[in-house]
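Peer 1: would you be able to build a 3D model of this:
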Amino acid sequence: MSNTSSPIISTSDLIKFNDEKNLIIIDASGSNQAKENYLTKHLKGALFMDLNTQLADIKNDLSDGGRHPLPAVEVFAELLGSYGISEKSQVVIYDEKNGSNAAARLWWMLAAAGHEKVYVLDGGLEAAALAGYPLSSGQESATPVVPYPFTTWKLPQAGIEEVQTVSENDEYLVIDVRDNARYLGITEPIDLIAGHIPGAVNVPFSGNLDEKQNFLSPELLRAKYETLFAGKPAEKIIVHCGSGVTACHTLLALAHAGLAVPKLYVGSWSEWSRNGKKIATGA
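Peer 2: Numbers count the residues shown, from 1 in each chain. This is a model prediction of the structure:
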């Protein structure tokens with residue numbers, strides 16, 4: 001199991017992982033009640049990571065990096081060490097969303113730190129519970145190790161100025177993974193202004209999932225995205241969402257499909273819409 005090529009694993013895979021002495025399970029649920037829910041019920045042995053306080057460095061001014069900017073590299077390295085995560089660790093992440101959300105963000109961060117053995121549990125907590133995986137409650141404790149040895153994010157990113165430069169260039173592709181109503185500017189439940197980045201195409205992340213909220217097969221995902229990309233290389237593709245979290249769901253799906261991971265625009269719509277940039281609505 002330690003050599004699995006896909007970053008998406010099933011509950012049966014996780015059960016096999018239990019034989020690994022370096023297994024670390026992370027509950028990365030991102031709801032407002034996530035910590036309370038974790039203390040009530042989580043996968044046995046799982047540690048909790050908080051989206052807002054540990055997987056992001058949220059600032060008072062959201063125009064600088066949006067709603068979930070990345071923490072500093074050294075801060076994330078310290079965090080990983082405090083959770084006992086080393087280069088030898090087998091890390092399995094899940095959240096309360098059957099199809100994953102905050103778990104995908106942590107997957108991206110670990111992969112961007114250079115960690116190879118990191119996986120997201122397909123179906124999340126609910127799927128594992130239904131499959132009979134043992135549950136627990138209360139706070140689990142970690143055995144800290146030294147800070148994780150990395151000094152720069154290794155997966156590609158795009159900043160707001162790069163997005164502005166290429167968004168209406170046909171040689172590039174900017175993908176907005178929010179739901180269609182937000183993209184069209186019909187509604188905006190979170191950020192201040194409705195609409196989308198001019199030139200961006202809307203490919204909602206929900207399309208990565210089947211009717212049971214499990215990830216589509218690598219073959220189906222590959223066919224879908226290769227058609228969309230139309231031969232464009234990963235370095236000319238930028239993926240964003242509202243705040244740089246849900247975009248990671250699509251990046252995870254692409255890795256699951258065996259495709260190169262494009263650039264992540266971490267600031268996403270929450271940053272773009274607060275900086276006086278051009279805004280489009282409609283199709």
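Peer 1: the closest residue to Val245 other than its chain neighbours: neighbour count?
Peer 2: Excluding its sequence neighbours, the residue lying closest to Val245 (Cβ to Cβ, 6 or more residues apart in numbering) is Arg105, at 4.7 Å. Where you see a C-beta, it was placed from the backbone N, CA and C, and this is true even at glycine. Burial of Arg105 is recorded as 31 neighbouring residues (other Cβ atoms under 10 Å).
Peer 1: C-terminal to the helix or strand harbouring Arg105, what's the next element?
Peer 2: Using DSSP states H and E, Arg105 falls within helix 102-112. For helix 102-112, the following helix or strand on the C-terminal side (DSSP H and E) is strand 118-121.
Peer 1: that following strand pairs with which strands, parallel or anti?
Peer 2: According to DSSP bridges, strand 118-121 forms sheet pairs with strand 8-9 (parallel), strand 90-94 (parallel).
Peer 1: hmm, who's touching the longest one?
Peer 2: Under the contact criterion Cβ atoms under 8 Å, 6 or more residues apart in numbering, strand 90-94 has outside partners 2, 9, 14, 17, 20, 22-28, 43, 46, 85, 100, 103, 106-107, 110, 115, 117-121, 124-125, 128.
Peer 1: apply 6 Å and report the result again.
Peer 2: With contacts defined as Cβ atoms under 6 Å, 6 or more residues apart in numbering, strand 90-94 is touched by 14, 17, 20, 22-26, 28, 103, 106-107, 117-121, 124-125.
Peer 1: how near is Lys232 to Phe205?
Peer 2: 19 Å (Cβ to Cβ, to the nearest Å).
Peer 1: settle it for me: which of these two has more neighbours?
Peer 2: Neighbours per residue, other Cβ under 10 Å: of Lys232 and Phe205, the larger number sits with Phe205, 25 against 14.
Peer 1: and the more buried one, how far from Ala253?
Peer 2: Look at Phe205 and Ala253: by Cβ to Cβ, they are 8 Å apart.
Peer 1: ditto for Tyr133
Peer 2: Using Cβ to Cβ, Tyr133 is found at 23 Å from Ala253.
Peer 1: show me the shaky parts of the protein.
Peer 2: Within the chain, the stretches with pLDDT under 70 are 1-4.
Peer 1: so which residues of it form helices?
Peer 2: In the chain, the helices defined using DSSP state H lie at 11-17, 34-40, 73-82, 102-112, 124-130, 160-166, 180-184, 218-229, 247-256, 268-272.
Peer 1: reformat the ones you listed as CSV; add distance to Gln139.
Peer 2: Shown next, in CSV, are these (distance: least, Cβ to Cβ, whole Å):
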stretch, distance to Gln139
helix 11-17, 21
helix 34-40, 7
helix 73-82, 14
helix 102-112, 19
helix 124-130, 17
helix 160-166, 39
helix 180-184, 36
helix 218-229, 36
helix 247-256, 26
helix 268-272, 31
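Peer 1: to Gly199, which of those helices lies closest?
Peer 2: Among the helices of the chain, the nearest to Gly199 by Cβ to Cβ is helix 160-166 (8.2 Å).
Peer 1: pull out the buried residues from the closest one.
Peer 2: Of the residues in helix 160-166, 160, 163-164, 166 count as buried by neighbour count, 16 or more other Cβ atoms under 10 Å.
Peer 1: now that helix, how far from the centre of its chain.
Peer 2: Chain-centre distance of helix 160-166: 22 Å, with Cα atoms, centre = their mean, to the nearest Å.
Peer 1: contacts for it?
Peer 2: Contacts to helix 160-166, defined as Cβ under 6 Å, 6+ apart, come from residues 172, 265, 267, 271.
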